[in-house]
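Asks: Predicted coordinates and the sequence they were generated for:
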Amino acid sequence: MKCRKGWMAVCVLAMAFLFMFTNSLQADAAKKKKKSLSKAKITLSKSSYTYSGKAKKPKVTVKFGKKKLKNKKDYTIKYSNNTKAGKAKVTIKAKKGKKAKYTGSKSKTFKIKKASRKIVPGKTAYSAVEGDGAFSITAKTSKGGGTITYSCDTTNVIKVTKTGKVTIVKTFDKTCKTLSSQTKDTIKKVSAKVKISVPATSNYNAASTTVTVTINKKSVRAFSTYDSVKNYKYPDISPLCPGFDNYKKLTDFKWTILDKYQMPGLAPTADDDWTKDYIQCNNLCPQGVCMAGDYMLTTAYCMDDIHNSCIFVYNNKTGEFLKTLVLKDQKSHVGGITYDEKNKNIWVCHSKKDKTTGLYSLERIPYADLVKYATGKKEYTTSSKVELHKIPTKPSTIAYNKKDGYLWVAQFSEGAVPGDDPEETDTDEEVEDNDTSAPRMFAYEYDAKENELKQVRIVSNPAEEDYLGVKTEEVTTEGEEGADPETVVQVASVYSTSLVKLSIKGETTANEKLKKGDILYKVNDVQITSCSQLKELLEKCSADDALSLEVHRTVASEEEGGEPTELTLEGKLILGERGNVLYRGIPNYVQGITFAEGKTIFSCSYGRNSTKKRFVSELHVYDTASTTDPFMLGDLELAIALPPMVEEVEMVGDEVYMIFESAATTYLEGTDGKGQSTCPIDKIVSVKLGL
């Protein structure tokens, strides 16, 4: 028995050994059958890409002989170094598992090329005048980084630093004194090419472009401001108001050239600016003029758009030129400047929208800082930008009215001139598409605490008309049986301005509007029983307040003899500004505004010489005291013909000071191809109107 059991144990052990040996042989055989992917053929859908910042993943095809292997079943894919420019790699690796037929891995490379890019210059062409101070060329790359450098081979015309700062070298023939000789015998301008380059980076190719810099000969045309004023051929009929009788010439009045103020802007001027650099420009165009305490201020902008706009500071009594204040980061039109006596601020118009907010703005310079700067007690003055949220077009001029304490900001608007060709383009102004709207000036008040310009509003309507857009009346209703009659406030009429939206109580859809006959039952959970109560409640509200309404409405039955339905409506209203924006109508082509006692004086100008159809240069005097409508200007009392291109005006005592832009190099020499100014004026001209 024992022998038999031992024999059985030996058999079991032998069978187990045989089973294990067989499995081992089968495993070895299976292992030997697996094929190495190192011998597979890898094909990529694309072998070359261009850098874009995104990972590149070409489609992978793997074959073993004629057999196409399957991704995720036979192998896995891994991409590496496949974003940046250079050599990228795809690696396939055999899937593991009992049923796996392959082993090992294999890689294949593909190329990511550097991307092309462009250099985008700030301007494709620059124009300057002989003797101008240094200015900078700017550019940026369309993609990628790298340091942009600038160079120029024409070093006898300009020199350019690697950072783009241009210095003018060219000096023209000084023997030529007349325009005719200059045109026939001498060179009027010369150009140079500036190369702008950026080197290759790890992901981008190098790039380059060129811009043209043209240097114009400095103005040599001789003229006399006195002769320009005296000998100008003044028109007999006003271009703006041809039927107006009281139309006179400037020479019909006592006029004076203010020689004590030497206009810098029309000759090289240099002084410290905000960055401790210097500005010297031979093509500055005068724009604004105002009196500010002990100083007279004028503005000018660079017509070549290469230098920042300036404010020139003079001693008011002696006329001595004191300082040039270069406006920080501004190359705008600076068409207006004024002094706010109430808040002691100088305000400057800027004609360009802010890139971030899309809004026009005024620049505010505290008078106290200007005094320190003018007297040398401070290296530079401070300023801040205050946005004009409500003006529909760019601010072209500004004036402070001492009588009402408002800042009046006007827009430049074009209008028809008798005999004008509407298709003819003849503009020396910065005009936008919507500037052809009704010309107006808007009133603003400065909030020093908020550093904000608030548009002045006239409140002439009851509060319920402004906020709810309705007119109301008190109605006595019959009370329920045994109850006393009730007085309620009912909607008598609804204006188109009503923005109130209501929903039936308990519902969410607000598609009902206020209707005549509605009862204004509750406002902000207060039951309304009289018009005076409603008025008092609404007058305590202000813009941006939320107003809740409960309205009761009686709806007649559609069936004859049926009972009416009583509806309860509710809604919320976010209140807007109350009252109407204060503005006044103004003439077309307004360049400047000033105020005398009971009068408003406008300077209107367009075109550089009177041979153009669309031409005007006039002073208009309106009697603002005669109007009772706050939104109307008044009656035109006097129109005065002026030499071309008058800009801003300022009332000083009993005189009107006028500044002209006709002596700016572009207009004086006609370098823009639109002809020369016929009567150039390079001084401030004053006139006594006897108002």
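Replies: Thanks, I have the structure now. Numbers count the residues shown, from 1 in each chain.
Asks: shaky segments in the stretch 401-550 of the chain?
Replies: 415-437, 479-483 (pLDDT under 70).
Asks: ugh, typo on my part, it should be the chain
Replies: Using pLDDT under 70, the flagged stretches of the chain are 1-32, 173-187, 220, 264-279, 329, 378-393, 415-437, 479-483, 610-613, 625-627.
Asks: And the helices in it?
Replies: Along the chain, counting by DSSP state H, helices occupy 2-33, 179-185, 225-231, 367-374, 463-467, 531-539, 665-669.
Asks: I figured residue 85 was touching residue 144, is that so?
Replies: No - with contact defined as C-beta atoms under 8 Å, residue 85 does not reach residue 144; the gap is 10.5 Å. In this view, the C-beta of every residue, glycine as well, is placed from N, C-alpha and C.
Asks: Touching both of those two, which residues are there?
Replies: 115, 203-204 (C-beta atoms under 8 Å, 6 or more residues apart in numbering).
Asks: Reformat the residues you listed as a markdown table; add distance to residue 211.
Replies: Formatted as a markdown table, the shared contacts of residue 85 and residue 144 follow (distance: C-beta to C-beta, whole Å):
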| residue | distance to residue 211 |
| --- | --- |
| 115 | 23 |
| 203 | 26 |
| 204 | 21 |
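Asks: Any chance of a ChimeraX selection covering the buried ones in those?
Replies: In ChimeraX, this line selects whichever of the shared contacts of residue 85 and residue 144 come out buried by 16 or more other C-beta atoms under 10 Å:
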select :115,203,204
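Asks: Can you tell me which of the shared contacts of residue 85 and residue 144 is nearest residue 169?
Replies: Taking C-beta to C-beta as the measure, residue 169 sits nearest to residue 204 out of the shared contacts of residue 85 and residue 144, at 33.9 Å.
Asks: ok, that closest one touching residue 114?
Replies: Yes - using C-beta under 8 Å, residue 204 makes contact with residue 114 at a distance of 5.6 Å.
Asks: From residue 303, how far out is residue 333?
Replies: 10 Å (C-beta to C-beta, to the nearest Å).
Asks: Also residue 455?
Replies: Taken as C-beta to C-beta, the span from residue 455 to residue 303 is 32 Å.
Asks: which of those two has more neighbours?
Replies: For residue 455 versus residue 303, the count of surrounding residues by other C-beta atoms under 10 Å is larger for residue 303: 21 against 17.
Asks: Test my guess that the more buried one contacts residue 665.
Replies: Yes - Residue 303 lies in contact with residue 665 (C-beta under 8 Å); the separation is 7.0 Å.
Asks: ok, and for stretch 596-614, which residues are buried?
Replies: Quick answer for stretch 596-614 (16+ other C-beta under 10 Å): 599-610, 612, 614.
Asks: now do stretch 653-670
Replies: 655-670.
Asks: So what's the residue count around residue 615?
Replies: Neighbour tally, residue 615, other C-beta under 10 Å: 20.
Asks: Need phi/psi at the closest residue to it other than its chain neighbours.
Replies: Using C-beta to C-beta, 6 or more residues apart in numbering and skipping the chain neighbours, the partner closest in space to residue 615 is residue 607 (3.9 Å). Note on residue 607: its backbone torsions stand at phi 90, psi 150 [degrees, to the nearest 10].
Asks: Kindly check the end-to-end length of stretch 451-462 for me.
Replies: By C-alpha to C-alpha, to the nearest Å, the extent of stretch 451-462 from end to end equals 30 Å.
Asks: How far off centre is that stretch?
Replies: 24 Å (C-alpha atoms, centre = their mean, to the nearest Å).
Asks: Pull out the buried residues from that stretch.
Replies: Here stretch 451-462 shows 453, 455-456, 461-462 as buried, counting by 16+ other C-beta under 10 Å.
Asks: Could you single out the nearest of the shared contacts of residue 85 and residue 144 to residue 501?
Replies: residue 115 (52.7 Å).
Asks: who touches both of residue 303 and residue 665?
Replies: With C-beta under 8 Å, 6+ apart as the test, residue 303 and residue 665 both reach residue 283.
Asks: what about the closest residue to residue 35 other than its chain neighbours, how many neighbours?
Replies: If the residues on either side of it in the chain are set aside, residue 35 comes closest to residue 102, at 5.4 Å by C-beta to C-beta, 6+ apart. Using other C-beta under 10 Å, residue 102 is surrounded by 22 other residues.
Asks: got it, and the one 5 residues further on?
Replies: By the other C-beta under 10 Å criterion, the neighbourhood of residue 107 contains 13 residues.
Asks: One more: the one 5 residues further on?
Replies: Other residues within reach of residue 112, judged by other C-beta under 10 Å, total 21.
Asks: Equivalent analysis for residue 548, please.
Replies: 13.
Asks: surely it meets residue 574?
Replies: No - contact criterion C-beta under 8 Å: residue 548 and residue 574 do not qualify, at 11.0 Å.
Asks: Which residue, neighbours along the chain excluded, lies closest to the residue nearest in space to the middle of the chain?
Replies: Central residue of the chain (C-alpha atoms, centre = their mean): residue 353, 2.1 Å from the mean position. Of all residues not flanking residue 353 in the chain, residue 360 sits nearest, at 5.8 Å (C-beta to C-beta, 6+ apart).
Asks: and the one you found, what are its bridge partners?
Replies: residue 388 (DSSP bridges).
Asks: What of the one 5 residues further on?
Replies: Taking DSSP bridges as the rule, residue 365 bridges to residue 346.
Asks: Would you agree it is in contact with residue 343?
Replies: No - at 11.6 Å, residue 365 does not count as touching residue 343 under the criterion of C-beta under 8 Å.
Asks: the more surrounded of the two?
Replies: residue 365 (23 against 17).
Asks: so what's the nearest residue to residue 501 once chain neighbours are set aside up against?
Replies: Ranked by C-beta to C-beta, 6+ apart and with sequence neighbours excluded, the top spatial neighbour of residue 501 is residue 510, at 4.2 Å. Residue 510 sits next to 501-503, 571 when contact means C-beta under 8 Å, 6+ apart.
Asks: Narrow the residues you listed to those that are buried.
Replies: Looks like the contacts of residue 510 have 501-502, 571 buried, using 16+ other C-beta under 10 Å.
Asks: Tell me the one of those residues nearest residue 689?
Replies: residue 501 (54.7 Å).
Asks: With residue 192 as the reference, measure out to that closest one.
Replies: 65 Å.
Asks: With residue 127 instead?
Replies: 12 Å.
Asks: what does residue 62 give?
Replies: According to C-beta to C-beta, residue 62 and residue 192 sit 60 Å apart.
Asks: Please say which of these two ends up with more neighbours.
Replies: residue 192 (24 against 21).
Asks: so that one sits right up against residue 150, yeah?
Replies: No - distance between residue 192 and residue 150: 11.8 Å, which falls outside the contact criterion (C-beta under 8 Å).
Asks: Next, the buried residues of stretch 634-641.
Replies: 634, 636, 638-641.
Asks: Among the residues you listed, which ones are in strands?
Replies: Judged by DSSP state E, these include 636, 638-641 as members of strands.
Asks: Out of those residues, which is nearest to residue 579?
Replies: After measuring these against residue 579 - C-beta to C-beta - the closest member comes out as residue 636, at 28.1 Å.
Asks: That closest one contacts residue 240, correct?
Replies: No - using C-beta under 8 Å as the test, residue 636 is too far from residue 240 to be in contact (9.5 Å).
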